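# Requesting a structural model of the entry that follows:
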Amino acid sequence: MSQQKKKLNTPIELINDIQVGVLIDKDSVFNNLSNLLVKNCNVKANNIQRFDYLLQHHELNVDLLVIDNEHPELDKLIALCEQLNKKYMLILRDLLLNKEVKTSYPENCHVLNKPLTQDQLSFKLASLFGTSKRFLLPAQKPLKTDEVEINLSQFNVLLVDDNMINLEVAKAILKRTGVAITCASDGCEAIETLKSQQTTSFDLILMDCQMPNLNGYDTTAAIRKGHAGTAYKQVPIIAMTASAMAGDRERCISAGMNDYITKPIKPDTLKSKLIMWLNR
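Below you'll find the model as predicted:
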């Protein structure tokens with residue numbers, strides 16, 4: 001497992017107190033960005049300024065400008081940032097709605113896909129403003145799980161889904177990795193399982209999004225608030241969604257989930273996610 005990607009276990013340390021300007025129209029995207037900047041990138045909340053989305057800007061006194069690629073004045077803002085001491089610009093785009101090859105942007109522009117994840121943003125800011133390069137990881141080829149012997153027998157996974165067929169499919173895939181599996185049929189049972197287990201410490205949760213009684217989004221939010229115990233406030237949670245629509249992906253991240261996979265679950269995809277999040 002020495003070749004697998006490792007994750008950032010602590011917030012990155014930036015070289016100085018950077019000033020961040022944001023030109024994002026949607027509140028949910030802005031809130032997710034701000035939360036990641038403060039909690040995982042050690043950016044002070046007072047250093048994040050949200051500009052009027054449609055205002056004509058002639059100067060931007062910030063170290064980093066974050067903007068979505070649908071902004072009507074995107075080209076003018078890129079030119080402005082080039083003039084202002086090569087200020088860095090992060091351009092956010094929706095991967096599903098913008099499948100074309102990204103435009104040839106200047107060197108000071110960097111493209112990230114929405115919804116932003118903790119590692120995606122942290123790695124990028126570490127490369128631009130980090131005090132140490134030890135956080136940065138070399139690019140790796142996608143993992144082909146059929147070429148790697150997988151043994152995750154030291155890990156415990158909680159599988160949460162109300163559909164018995166989905167449970168059996170996921171269990172069949174998980175058994176090939178050796179992980180210990182515990183199942184819950186809805187969010188309420190999942191929280192009770194986490195609270196009541198005295199001998200098992202769960203390393204990861206696979207969470208269905210649409211369930212009766214308590215759906216996956218609300219269950220995740222409750223876990224992040226400590227309702228299942230403080231030990232699980234930071235446990236990796238991977239959503240299992242029936243749709244890959246942009247709104248669903250964004251909702252998963254906003255609820256506190258770390259990652260997501262779409263149904264029907266593909267064995268290689270699930271195995272890759274397990275390896276990525278369990279070997280941190």
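
# any idea of the pLDDT on the residue nearest the centre of the chain?
Nearest to the geometric centre of the chain sits residue 117, at 2.5 Å (C-alpha atoms, centre = their mean). pLDDT recorded at residue 117 is 74.

# With adjacent residues omitted, what lies nearest to it?
Nearest in space to residue 117, with sequence neighbours left out and distances taken as C-beta to C-beta, 6 or more residues apart in numbering, is residue 253 at 6.4 Å. Where C-beta positions appear, they are placed from N, C-alpha and C, glycine not excepted.

# Now do the helix or strand that contains residue 93, average pLDDT.
Secondary structure assigned from DSSP states H and E places residue 93 in strand 88-94. Strand 88-94 shows a mean pLDDT of 84.

# Can you give the contact residues for that strand?
Strand 88-94 is touched from outside by 24, 29, 63-69, 74, 77-78, 81, 102, 105, 108-114, 116, 124, 128, 246, with contacts defined as C-beta atoms under 8 Å, 6 or more residues apart in numbering.

# try stretch 224-234
With contacts defined as C-beta under 8 Å, 6+ apart, stretch 224-234 is touched by 190, 191, 194, 195, 201, 202, 222, 223, 256.

# quick one: contacts for residue 170?
159, 161, 206, 240, 265, 270.

# Distance check, the residue nearest to residue 117 against residue 111.
From residue 253 over to residue 111 the distance is 18 Å, taken as C-beta to C-beta, to the nearest Å.

# Tell me which of those two has more neighbours.
Per other C-beta atoms under 10 Å, whichever of residue 253 and residue 111 has more neighbours is residue 253, with 22 against 15.

# Show the subsequent helix or strand relative to the helix or strand bottoming out on mean pLDDT in the chain.
One helix or strand of the chain scores below all others by mean pLDDT, DSSP states H and E: helix 246-255, with a mean of 74. Toward the C-terminus, helix 246-255 is succeeded by strand 259-262 as the next helix or strand (DSSP H and E).

# next one: that next one to chain centre, how far?
Offset of strand 259-262 from its chain centre (C-alpha atoms, centre = their mean, to the nearest Å): 10 Å.

# packing partners for that strand?
If contacts are counted by 3 or more C-beta pairs under 8 Å, 6 or more residues apart in numbering; DSSP states H and E, strand 259-262 sits against strand 237-241, helix 246-255, helix 267-278.

# Can I get those in CSV including distance to residue 43?
CSV is the format used below for the helices and strands packed on strand 259-262 (distance: least, C-beta to C-beta, whole Å):
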stretch, distance to residue 43
strand 237-241, 24
helix 246-255, 18
helix 267-278, 25
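
# Which one of these lies nearest to residue 34?
Closest approach to residue 34 among the helices and strands packed on strand 259-262 (C-beta to C-beta): helix 246-255, 11.7 Å.

# The host helix or strand of residue 158: what's the following helix or strand?
Following DSSP H and E, one finds residue 158 within strand 156-160. Per DSSP H and E, the first helix or strand lying C-terminal to strand 156-160 is helix 164-175.

# Follow the chain on from that next one and name the next helix or strand.
Sequence order places strand 180-184 as the next helix or strand after helix 164-175, per DSSP H and E.

# which residues does the residue located most distally from the centre of the chain contact?
In the chain, the greatest distance from the average C-alpha position (C-alpha atoms, centre = their mean) is reached by residue 58, at 33.1 Å. The contact partners of residue 58, by C-beta under 8 Å, 6+ apart, come to residue 80.

# List the buried residues of stretch 256-272.
Applying a neighbour-count criterion of 16 or more other C-beta atoms under 10 Å, one finds 256-263, 265, 267, 270-272 buried in stretch 256-272.

# same check, this time on stretch 77-85
Residues of stretch 77-85 classed as buried under the neighbour-count rule (16+ other C-beta under 10 Å) are 77, 78, 80, 81.

# pLDDT of the helix or strand hosting the first one, averaged?
Taking DSSP H and E as the definition, residue 77 sits inside helix 74-83. Taken as a whole, helix 74-83 has a mean pLDDT of 84.

# got the domain boundaries for this protein?
Following automatic domain parsing, one finds the domains of the chain at 20-135, 145-278.

# so what's the spatially closest residue to residue 180 that is not a sequence neighbour up against?
Closest residue to residue 180 apart from its sequence neighbours, by C-beta to C-beta, 6+ apart: residue 156 at 4.6 Å. By C-beta under 8 Å, 6+ apart, the contact set of residue 156 is 179, 180, 182, 200, 201, 202, 203, 204.
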